[in-house]
Each structure stands twice: as structure tokens, then as C-alpha cells.
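Participant: please find the sequence and the predicted model below.
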Amino acid sequence: MKFVVDASLPPSVVELLRSAGHEAQHVSAFGLGAADDRDIGEYSRAHRACLLTADFDFADLRDFVPRDYTGIVIFALPRWHTMLLIEVLVAEFLAQLDDQRPLEGKLLIVEPGRIRVRS
């Protein structure tokens with residue numbers, strides 16, 4: 001699967017995805033590290049990549065309609081989050097990825113212990 005990792009997540013998430021056999025790029029790798037959410041969303045759409053983020057602005061269904069995307073995955077991070085928590089959440093997401101229906105047209109919220117799916 002192909003992923004774009006938003007600036008709200010560390011570049012090390014890209015390595016976690018790649019080590020699981022996925023294609024992934026961090027927005028900073030192609031000059032969108034400080035870009036507007038719409039530009040990042042458009043980039044992920046144009047490249048048919050699932051967007052991974054911790055930015056809940058992407059959950060606004062008026063601006064980011066899930067059916068228009070290859071998938072939007074939002075990691076719900078508490079303010080006290082650590083890199084270890086991010087790694088655990090990404091691992092939980094990846095473990096569920098094979099068992100879930102395709103991500104295309106879906107908005108997923110990944111939290112410790114659960115993943116919510118919205119179409």
C-alpha cells in the first residue's frame with residue numbers, strides 16, 4: 001500500500017511503514033512539511049496514497065470527504081504522547097490493515113485499543 005505521512009507525525013513513521021513492506025513518504029520529503037492541509041490532501045489524492053496524520057482537521061467531512069481519498073487515517077494522540085506510543089499505534093493499525101476492508105473511501109481514527117472506521 002502507498003502512504004503519505006503528514007507533518008503531524010514524525011518521519012520515523014515512514015520507516016515503520018516501509019519495514020512492513022509498504023511504500024511511504026513523509027510530506028517533508030517533497031516540500032510540503034509546512035503546507036496547508038488542502039495541499040497535503042490534494043497531494044495524497046493525486047498520488048493515490050492513503051494519508052496518515054495526527055491532525056483532526058482532516059476529520060472535517062465538509063473539507064475532506066472520505067470517498068474522494070484512497071484513505072485518511074488519523075492517529076488520536078494524547079498531549080503526553082511519546083514516540084513509543086506512536087510506534088504502538090502504527091503497529092496496531094498495520095496489524096489490522098490486512099484484516100480490514102480496503103481503506104479507499106474511508107476515514108479511520110486510530111486510538112489506543114481501537115480503530116473507528118467511517119465511510
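Facilitator: Done, it's in.

Participant: the most centrally placed residue in the chain: helix or strand, and which one exactly?
Facilitator: Centroid check for the chain by Cα atoms, centre = their mean gives Leu52 as the closest residue, at 1.0 Å. According to DSSP states H and E, Leu52 maps onto strand 50-53.

Participant: which residues sit against that strand?
Facilitator: 1-6, 8-9, 13, 17, 40-41, 44, 58, 69-75, 90, 103 (Cβ atoms under 8 Å, 6 or more residues apart in numbering). Yep, even glycine has a C-beta here, placed from its N, CA and C like the rest.

Participant: filter those residues to the buried ones?
Facilitator: With neighbours counted by 16 or more other Cβ atoms under 10 Å, the contacts of strand 50-53 contain buried members at 1, 3-6, 8-9, 13, 17, 40-41, 44, 58, 69-75, 90, 103.

Participant: among the residues you listed, name the ones in strands.
Facilitator: Taking DSSP state E, the ones among the buried ones among the contacts of strand 50-53 that sit in strands are 3-5, 72-75.

Participant: ok, back up a step: report the buried residues of the strand holding Leu52.
Facilitator: Residues of strand 50-53 classed as buried: 50-53 (neighbour count, 16+ other Cβ under 10 Å).

Participant: first to last residue in stretch 2-9, what's the distance?
Facilitator: Chord length of stretch 2-9, first to last residue, is 16 Å (Cα to Cα, to the nearest Å).

Participant: for the longest helix belonging to the chain, packing partners?
Facilitator: Using DSSP state H, we find that the single longest helix of the chain is helix 83-97. Secondary-structure packing of helix 83-97 (3 or more Cβ pairs under 8 Å, 6 or more residues apart in numbering; DSSP states H and E): helix 12-19, strand 72-75, strand 107-111, strand 114-118.
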